[in-house]
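>>> The following block contains a protein sequence and its predicted model.
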Amino acid sequence: MTHITRRTLLEIWMLTDLVICGGSFLVASAILYQPLWGEDVLTLHHPLRQLLITAVLGLAWHYSMVFSGAYRSYRMTRFRDQVAALALGVTCVTFWAGCWLCVTRWGLFTPGRFFVLELLVFWAVTFVVLVVTRAIGKLILNKFHQHNRNLRNVLIIGTNRRAVALAQNLEHRSFGCRLVGFIDDHWHFDDAPARYKEKLLGGGSAGVLEQIRTHAIDEVILALPIASSYQFSQQIVDWCREQGILVRYDGNLFSAQEAVAGSGIPPAHKLQDVIEVPYSSWSLLIKRLLDLLVSSLAILVASPVLLAIAMAIRITSPGPIFFNQERLGRGKRRFRIHKFRTMVIDAEKLMAAVEHLNQSKGPTFKLDKDPRITPIGSFLRKTSLDELPQLFNVWLGDMSLVGPRPLPLRDYRGFSEDWHRRRFSVKPGITCLWQVNGRSSIGFDRWMELDIDYIDRWSLWLDVKILVQTIPAVMRGSGAM
């Protein structure tokens, strides 16, 4: 799970908790036959005041849960720590609920045993429901992690005792992390487990750059001593920022905590972000929902066209209907892209015969009138109809409607600038700024600049504009090869 996805889910969880608190309030009143909105309350002459007080109650509930620690990351702690935070949060929420009852029912009742009992029932119902929902969520995540789903690839910089403590907390699949390895010149903590020592991937600048350039790294965690490694740590932060990789550090780094008894290893699980994610998580959630909705409708509407193209390819050219190829997606993760086949069979094996004719400046391959393209393939490319099967990639979540175009592995191996790699910090898309500004007629460096510009300026409105501009660009067939 990416950092952005975690933040989106957290905000959804916050809203869900407010709904649970409100529902528990109604349940507590129903159980004790204490109507929240009885006739006497409804006949109050200050409905606006009552509405404002209720809004304040919602804010008080929310911030009580936040300050109690209910929304901190508990991926690397025991479940009972989360339960304790929930108990504190629900106690604060119950206090504010009592204040709300006193204000809204002022003059209508005298607080007594039923009032206290109502609050106790409210506390119990809210606490039980919140704990149960957390437990169910944890079980679901564990199932995903056990099947190697929803895992984050983590690289730890440093091999001291603190780095080992971090690794011990991260290595459990229930936390959703996959430890890639350690970067350092040698092991500084001699008592580290052998399985960790085998994950030493190198040291210095070369070791860091090798990993973040060529592997799918989601997070880099700094565990180096601040005093002697400040400049190197800052350099790592700059490299990761350039490539759009999240950097974190141990929140206990500046505290003088004692080592865990008997292990000689300090506790290390309070991770802080160094690089903030610039996007609104709600905007990203809406983007995903739009991807699902639009791709589903497009697949349904375009199904006759998809069938007709499939039949045309089958009749005019021997071989499979679809072309499936490994591409790099968000976080440099590999996925299989689906397109209608526009070239002869084994076209990739014939690449060596035409590679010297490449008309593109940079690592990508573009050739006007490529002899490997079939007659029907030329038409499909000109009209971009060969891209239609990518709607299934969007529906599955590997791609988005709008985003940097996914590149073949061959093209990525030719990247020479690190800033080009920041395009992998977002999902690839069917269309993008490059697509609507000329496609193959644009040089490689300008193409990368457009991708970075899209990432820096991203908004839902920008996606809508690109989608609208894609239609005339496809009609013109500008830059298509």
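Thanks, I have the structure now. Numbers count the residues shown, from 1 in each chain.
>>> which residues touch stretch 426-444?
244, 327-330, 360-364, 366, 387, 390-391, 394, 398-406, 447, 450-451, 453-455, 458, 466-467, 469-470, 473, 478-481 (CB atoms under 8 Å, 6 or more residues apart in numbering). For every residue, glycine as well, the C-beta is placed using N, CA and C.
>>> For PyMOL, what selects the buried ones among these?
Those of the contacts of stretch 426-444 that count as buried under 16 or more other CB atoms under 10 Å are selected in PyMOL with:
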select buried, resi 244+327+328+329+330+360+362+363+364+366+387+390+391+394+398+399+400+401+402+403+404+405+406+447+450+451+454+455+458+466+467+470+473+479+480+481
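>>> Show me the helices in the stretch 201-350 of the chain, by range?
204-214, 226-243, 281-316 (DSSP state H, counting those that start in this stretch).
>>> Quick one: mean pLDDT for stretch 469-481?
Taken as a whole, stretch 469-481 has an average pLDDT of 69.
>>> Sorry, wrong one. I was asking about stretch 81-95.
Mean pLDDT, stretch 81-95: 87.
>>> for that stretch, which positions count as buried?
Using 16+ other CB under 10 Å as the test for burial, stretch 81-95 gives 82-83, 85-86, 88-90, 92-94.
>>> now swap in stretch 192-209 and tell me
Residues 192, 196, 199-202, 207-209 are the ones in stretch 192-209 that count as buried (16+ other CB under 10 Å).
>>> Just the endpoints, please. Distance across it?
End-to-end distance for stretch 192-209: 25 Å, by CA to CA, to the nearest Å.
>>> and what of stretch 366-381?
Start-to-end span of stretch 366-381 (CA to CA) is 12 Å.
>>> tell me the mean pLDDT for it?
Mean per-residue pLDDT for stretch 366-381: 82.
>>> the domain parsing of this structure - what is it?
3-146, 152-273, 281-476 (automatic domain parsing).
>>> and the ones you listed, which one is worst for confidence?
Among these, domain 3-146 carries the lowest mean pLDDT, at a mean of 73.
>>> Give me the helices and strands touching the helix or strand hosting Gly89, please.
If you go by DSSP states H and E, Gly89 is part of helix 79-104. The contact analysis (3 or more CB pairs under 8 Å, 6 or more residues apart in numbering; DSSP states H and E) places helix 79-104 against helix 3-31, helix 47-67, helix 113-146.
>>> can you redo those helices as JSON lines with mean neighbour count?
JSON lines is the format used below for those (neighbours: other CB atoms under 10 Å):
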{"stretch": "helix 3-31", "mean neighbour count": "16"}
{"stretch": "helix 47-67", "mean neighbour count": "15"}
{"stretch": "helix 113-146", "mean neighbour count": "16"}
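>>> Ok, which of those comes nearest Arg422?
helix 3-31 (14.5 Å; CB to CB).
>>> Could you measure from Arg72 over to Val66?
Plainly put, Arg72 is 9 Å away from Val66 if you go by CB to CB, to the nearest Å.
>>> scratch that, Cys102 is what I was asking about
Using CB to CB, Cys102 is found at 24 Å from Val66.
>>> Next: Gly414.
Counting by CB to CB, the separation of Gly414 from Val66 is 47 Å.
>>> ok, what's across the strand from Arg178?
On the basis of DSSP bridges, Arg178 is bridged to Asn153.
>>> So it sits against Leu155, correct?
No: applying CB atoms under 8 Å, one finds Arg178 not in contact with Leu155, separated by 10.3 Å.
>>> Would you mind telling me which of these two has the busier surroundings?
Each of Arg178 and Leu155 has its neighbours counted (other CB atoms under 10 Å); Leu155 has more, 24 against 16.
>>> ok but Arg72 is inside a helix, no?
No: secondary structure assignment (DSSP: H, G, I helix; E, B strand; the rest coil) places Arg72 in coil, not in a helix.
>>> follow-up on the earlier one: please flag which of the contacts of stretch 426-444 sit within helices.
390-391, 394, 447, 450-451, 453-455, 466-467, 469-470, 473 (DSSP state H).
>>> Out of the residues you listed, which comes closest to Gln231?
Distances from Gln231 to the ones in helices among the contacts of stretch 426-444, taken by CB to CB, are shortest for Ile455, at 27.7 Å.
>>> show me the contacts for the closest one.
For Ile455, the contact set (CB under 8 Å, 6+ apart) comprises 244, 404, 422-423, 425-426.
>>> Output the residues you listed as a markdown table; include the columns distance to Trp434.
Formatted as a markdown table, these follow (distance: CB to CB, whole Å):
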| residue | distance to Trp434 |
| --- | --- |
| Gly244 | 18 |
| Pro404 | 8 |
| Arg422 | 15 |
| Arg423 | 10 |
| Ser425 | 17 |
| Val426 | 14 |
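>>> which of the residues you listed sit farthest apart?
The largest separation in the contacts of Ile455, counting by CB to CB, is between Gly244 and Pro404 at 11.1 Å.
>>> Touching both of the two, which residues are there?
With CB under 8 Å, 6+ apart, Gly244 and Pro404 have common neighbours 424, 426, 455.
>>> Just to check, the first one is in contact with Arg327?
In this case it means Phe424. No: applying CB under 8 Å, one finds Phe424 not in contact with Arg327, separated by 10.8 Å.
>>> count of neighbours near the residue lying closest to Ala347 once chain neighbours are set aside?
The shortest distance from Ala347 to any non-neighbouring residue, by CB to CB, 6 or more residues apart in numbering, is to Arg372 (4.5 Å). If you count neighbours by other CB under 10 Å, Arg372 ends up with 17.
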